[in-house]
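A.B. asks: All I have is the shape, not the residue letters:
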């Protein structure tokens, strides 16, 4: 009967643990800690859940959203502030970027490069050229339908750069395979964003992460974080501000109509 000889001690008991044997090896119960460069996300709680404590540079990151151009921009803004003077490329965004609003949010003069293409193949070509050139600090690429082969090609090209490379896709794409080293699903909440880490290098994340965002009126209609204090006192925090304001304006209009008709 054939038996397998015992492994040498040097292979069964690696000095310092398996993670010290090679930077791309980590235990399933821990986050990967390798020599890949990262950029702080700007959120302490999120950094603690990301390998190496930040967004991986030169790697494919996927952000899945229910509605494009809402939560993903607010999530990435703190990191974009730390890019220095390197341009931020916006490739095939669903809406025309509002540069003045972006500059107001970042409080810095960060160059924006807006690229709109009529054909999908042109968008892919533009993404490759930006990653190969390496002059942009970040590439945000919006895609509703992209093949896994195309993602894999972009991921390989990105590895030769130090670019923050993010592809924004619909939530339904979570069912499709992806070569991304990090995949996040975002859902707007009353006072911020719920982040579900679908894929990362390391332990599986089973608990959603909530990130509080201050001053974000476009995330939800029921948030009172941006409501004028007088309106909060009059309508209460549990009342829809817009609905109450509409009713109030209707009452004011009725008073004006009665006044003009001489009715007290």
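C.D. replies: Right, received. Where do you want to start? Not measured: the values here are computed from a predicted model.

A.B. asks: Of all the helices and strands in this structure, which has the lowest average confidence?
C.D. replies: Taking mean pLDDT, DSSP states H and E as the measure, helix 229-235 is the helix or strand of the chain with the lowest mean score, a mean of 30.

A.B. asks: Quick check on the closest residue to residue 113 other than its chain neighbours: phi, psi?
C.D. replies: Setting aside the residues directly before and after it, residue 113 is nearest to residue 89 in space (Cβ to Cβ, 6 or more residues apart in numbering), at 4.4 Å. Quick note: C-beta positions are derived from backbone N, CA and C, even for glycine. The phi/psi pair for residue 89 (degrees, to the nearest 10) reads phi -90, psi 130.

A.B. asks: just checking, residue 89 touches residue 138?
C.D. replies: Yes. Counting by Cβ atoms under 8 Å, residue 89 sits close enough to residue 138 to count as a contact (6.9 Å).

A.B. asks: on that earlier part again, what's around the residue nearest to residue 113, how many residues?
C.D. replies: A count of nearby residues for residue 89, using other Cβ atoms under 10 Å, gives 24.

A.B. asks: tell me the contacts of it?
C.D. replies: For residue 89, the contact set (Cβ atoms under 8 Å, 6 or more residues apart in numbering) comprises 113, 115, 130, 136, 138, 139, 140.

A.B. asks: from these, which has minimum pLDDT?
C.D. replies: Taking the contacts of residue 89 together, the minimum pLDDT is found at residue 113 (91).

A.B. asks: by contact count, what packs against the one helix or strand that residue maps to?
C.D. replies: Using DSSP states H and E, the element containing residue 113 is strand 112-115. Under the contact definition 3 or more Cβ pairs under 8 Å, 6 or more residues apart in numbering; DSSP states H and E, strand 112-115 sits against strand 88-91.

A.B. asks: ok, which stretches of the protein are helices?
C.D. replies: Secondary structure of the chain by DSSP state H: the helices cover 9-12, 44-47, 71-80, 99-106, 120-133, 148-158, 229-235, 241-260.

A.B. asks: Distance of residue 206 relative to residue 197?
C.D. replies: From residue 206 across to residue 197, the span is 9 Å (Cβ to Cβ, to the nearest Å).

A.B. asks: Oops, could you answer that again for residue 165 instead?
C.D. replies: Applying Cβ to Cβ to residue 165 and residue 197 gives a distance of 18 Å.

A.B. asks: the more surrounded of those two?
C.D. replies: Ranked by neighbour count (other Cβ under 10 Å), residue 165 and residue 197 place residue 165 first, with 29 against 20.

A.B. asks: Can you flag the weakest of the helices of the chain by average pLDDT?
C.D. replies: Out of those, helix 229-235 stands lowest, with a mean of 30 (criterion: mean pLDDT).

A.B. asks: Contact partners for residue 141?
C.D. replies: Residue 141 is in contact with 91, 92, 123, 127, 165, 166, 167, 168, counting by Cβ under 8 Å, 6+ apart.
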